[in-house]
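Peer 1: only the shape, not the letters, is given here:
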């Protein structure tokens, strides 16, 4: 039987999607082996490979389409309308249909360069509101507690599919049981129907393996996360127990690398996670388990719904204007939109391509809970009346090659989106003394933890960091980031005579990669009070030898992990290579 070009187009795209999913699953499934072997470098490489995989497979599929179809078929919207209908039928019984729809969208946008975004020709909205049927696949394992918390934790740890034994299982179960008895609500502790429920799949990331689920009883439920670490040569140990919603939300933060976790039914899996974290956007949850492209789809759909409410308009983001980017927000949507300016401040010696390379670097790198994830959009279109006049005026003034107004439509050729945060400089203007100390301590910790992951932020000014609703300090301006190992940290040489020290010009040579940590204080803090507090909290950041030590550790092959919970929460905080939140 001879099929129509539209049917063959749909089938070819689905074949490419199947290739992508097959390789994605292979990389993910091997995470348990990497954890068993403590292959931390390999784990980092696998994470980057899986991020790159999507674009690679889209490019391969695009080449296949161009070889197999006439140009008039590929560029004819009516052919794509028919192909969309065929594709929807082909994926109607799939358990990952929403991911398949996003792949189809990627192919359409590759052909039409992100133009002609209509639901007739692609899946602007899903082909169905819910799966055709519930899969019936059991996601979780459960155990009634009956007051025996040691036995429940023992079951939780030993029934997990780990291939390495625990170093001291009795100690781990005792500590976890003591913690739960001391922190669980009485309604759950005393209820006869209390049970522990855990997802069967293990969440792997960096040096950690996380068992995720909840405790239910007495008509109540709380989330439960059990982080397990592998000390090479010593076996596994339970590092802590997390039961607070905010703590679990931080585990799944938009500032961290994507989990490697086997997911049979993505939609049902994300629904379960959203029950544990109801405030977490659906798109972020998809991204957190590796489906970042579909996370972008869900983000776009949520944005369309919010804009349609017409509760507010896009405005220029509050705070200091950027030298490279201009930033605008829809205040009700908790997201910032960043556009590269046509002209940069003279002190910024870089090109548009340099900036995009920096953002790509961060996307592929371990963000260690300190760098915001971004989504990249092309040909973003909105109505003129969705923008405040002064916002649109500034966008057209600073980025006329990127922002175009035609009739009542505004087209932004390229932009990034990030989660909205309070700029650190603004936060410090409004907080009290205790909050100032806490946030400056976290600001220094953020710099240290990025450095441990071989990232030097470059421009460490307060305006380039934000504060989340959890009070965490996050870096979000990437135009000057580089690998820490590329930097040359130096002490400022002693002047040979007093006149040198009084000169406006340095009395020593400065190379392009030279960095003098002793200069950080005056550069970062005009406020003497804040500068002195920073010196008190983080004196090592002003010492070139501290930075050189981190560089040497990285060059020696040490993978320094940053765990997403506070040091005081850990049962054993003596991990030599670990930095914690």
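Peer 2: On my side now, so go ahead. Treat the numbers as computed from the prediction; the structure is a model and nothing was measured.
Peer 1: helix/strand/coil for residue 359?
Peer 2: Judged by DSSP: H, G, I helix; E, B strand; the rest coil, the three-state class of residue 359 is helix.
Peer 1: what does the helix or strand that residue 297 is a member of rub up against?
Peer 2: In this assignment (DSSP states H and E), residue 297 forms part of helix 292-309. The set of residues external to helix 292-309 that reach it, using CB atoms under 8 Å, 6 or more residues apart in numbering, is 51, 54, 98-99, 101-103, 105-106, 123-125, 258, 266, 281-288, 330, 332-333, 335, 373, 375, 377, 382, 386, 417. C-betas here are computed from N, CA, C, even on glycine.
Peer 1: from the contact counts, what lies against whatever helix or strand comes next after that helix?
Peer 2: Once helix 292-309 ends, the next helix or strand along the chain (criterion: DSSP H and E) is strand 315-316. Counting contacts by 3 or more CB pairs under 8 Å, 6 or more residues apart in numbering; DSSP states H and E, strand 315-316 packs against strand 325-329, helix 389-398.
Peer 1: tell me which of the contacts of helix 292-309 fall in strands.
Peer 2: Where the contacts of helix 292-309 overlap with strands, as defined by DSSP state E, the overlap consists of 335, 375, 377, 382, 417.
Peer 1: among those residues, which one is most surrounded by other residues?
Peer 2: residue 417 (21 neighbours; other CB atoms under 10 Å).
Peer 1: quick check: closest non-adjacent residue to residue 266.
Peer 2: Once flanking residues are discounted, residue 266 sits nearest to residue 96: 5.5 Å by CB to CB, 6 or more residues apart in numbering.
Peer 1: quick one: low-confidence parts of this protein?
Peer 2: Judged by pLDDT under 70, the chain has its weakly predicted residues at 1, 129-133, 496-505, 507, 573-581.
Peer 1: check the burial of the nearest residue to residue 51 once chain neighbours are set aside by counting its neighbours.
Peer 2: Sequence neighbours aside, residue 364 is the residue nearest to residue 51 in space, at 5.3 Å (criterion: CB to CB, 6+ apart). The local packing count at residue 364 equals 15, with neighbours defined by other CB under 10 Å.
Peer 1: in the stretch 451-581 of the chain, which spans are strands?
Peer 2: Across the stretch 451-581 of the chain, reading from the start of the chain, the strands by DSSP state E, counting those that start in this stretch fall at 455-456, 465-467, 473-475, 482-483, 488-489, 514-515, 561-563, 578-580.
Peer 1: what is the fifth one packed up against?
Peer 2: Spelled out, it's strand 488-489. Other helices and strands packing on strand 488-489, by 3+ CB pairs under 8 Å, 6+ apart, are strand 514-515, helix 544-555.
Peer 1: quick one, longest helix in this protein?
Peer 2: In terms of residue count, the longest helix belonging to the chain (DSSP state H) is helix 40-68.
Peer 1: now the angle from that helix to helix 292-309?
Peer 2: Using axes from the mean of the first three to the mean of the last three CA atoms, to 10 degrees, one finds that helix 40-68 and helix 292-309 are set 70 degrees apart in direction.
Peer 1: quick one, domains of the chain?
Peer 2: 5-112, 140-305, 310-420, 423-580 (automatic domain parsing).
Peer 1: what's near enough to touch residue 219?
Peer 2: For residue 219, the contacting residues are 187, 191, taking CB under 8 Å, 6+ apart as the criterion.
Peer 1: do that again at 10 Å, thanks
Peer 2: Residue 219 makes contact with 187-188, 191, 193 under the criterion CB atoms under 10 Å, 6 or more residues apart in numbering.
Peer 1: now, among those, which is nearest to residue 492?
Peer 2: Taking CB to CB as the measure, residue 188 is the one of the contacts of residue 219 closest to residue 492, at 58.1 Å.
Peer 1: give me the element the closest one is part of.
Peer 2: Under DSSP H and E, the secondary-structure element containing residue 188 is helix 186-189.
Peer 1: from the contact counts, what lies against that helix?
Peer 2: With contacts taken as 3 or more CB pairs under 10 Å, 6 or more residues apart in numbering; DSSP states H and E, helix 186-189 sits against helix 169-183, strand 208-217, strand 220-231.
Peer 1: could those be laid out in a markdown table, adding mean neighbour count and distance to residue 244?
Peer 2: Compiled in a markdown table, these are given as follows (neighbours: other CB atoms under 10 Å; distance: least, CB to CB, whole Å):
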| stretch | mean neighbour count | distance to residue 244 |
| --- | --- | --- |
| helix 169-183 | 16 | 9 |
| strand 208-217 | 22 | 12 |
| strand 220-231 | 21 | 8 |
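Peer 1: now those in JSON lines, with distance to residue 572?
Peer 2: Conversion of the helices and strands packed on helix 186-189 to JSON lines gives the following (distance: least, CB to CB, whole Å):
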{"stretch": "helix 169-183", "distance to residue 572": "9"}
{"stretch": "strand 208-217", "distance to residue 572": "14"}
{"stretch": "strand 220-231", "distance to residue 572": "9"}
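Peer 1: out of the ones you listed, which gets nearest to residue 23?
Peer 2: When the helices and strands packed on helix 186-189 are compared by CB to CB, strand 208-217 sits nearest residue 23, at 22.3 Å.
Peer 1: so what strands line up beside the closest one?
Peer 2: The strands that strand 208-217 pairs with in its sheet are strand 195-199 (antiparallel), strand 203-205 (antiparallel), strand 220-231 (antiparallel) (by DSSP bridges).
Peer 1: now do it against helix 169-183, angle only.
Peer 2: Between the axes of strand 208-217 and helix 169-183, defined by the same axes, to 10 degrees, the angle is 50 degrees.
Peer 1: please tell me I have it right and residue 367 contacts residue 457.
Peer 2: No. Contact status for residue 367 versus residue 457: not in contact, 11.9 Å apart, counting by CB atoms under 10 Å.
Peer 1: name the residues contacting each of those two.
Peer 2: Taking CB under 10 Å, 6+ apart as the contact criterion, the residues that touch both residue 367 and residue 457 are 450, 475.
Peer 1: re earlier: max pairwise distance over the ones in strands among the contacts of helix 292-309: which two?
Peer 2: In these, the most distant members under the criterion CB to CB are 375 and 382, with 15.9 Å between them.
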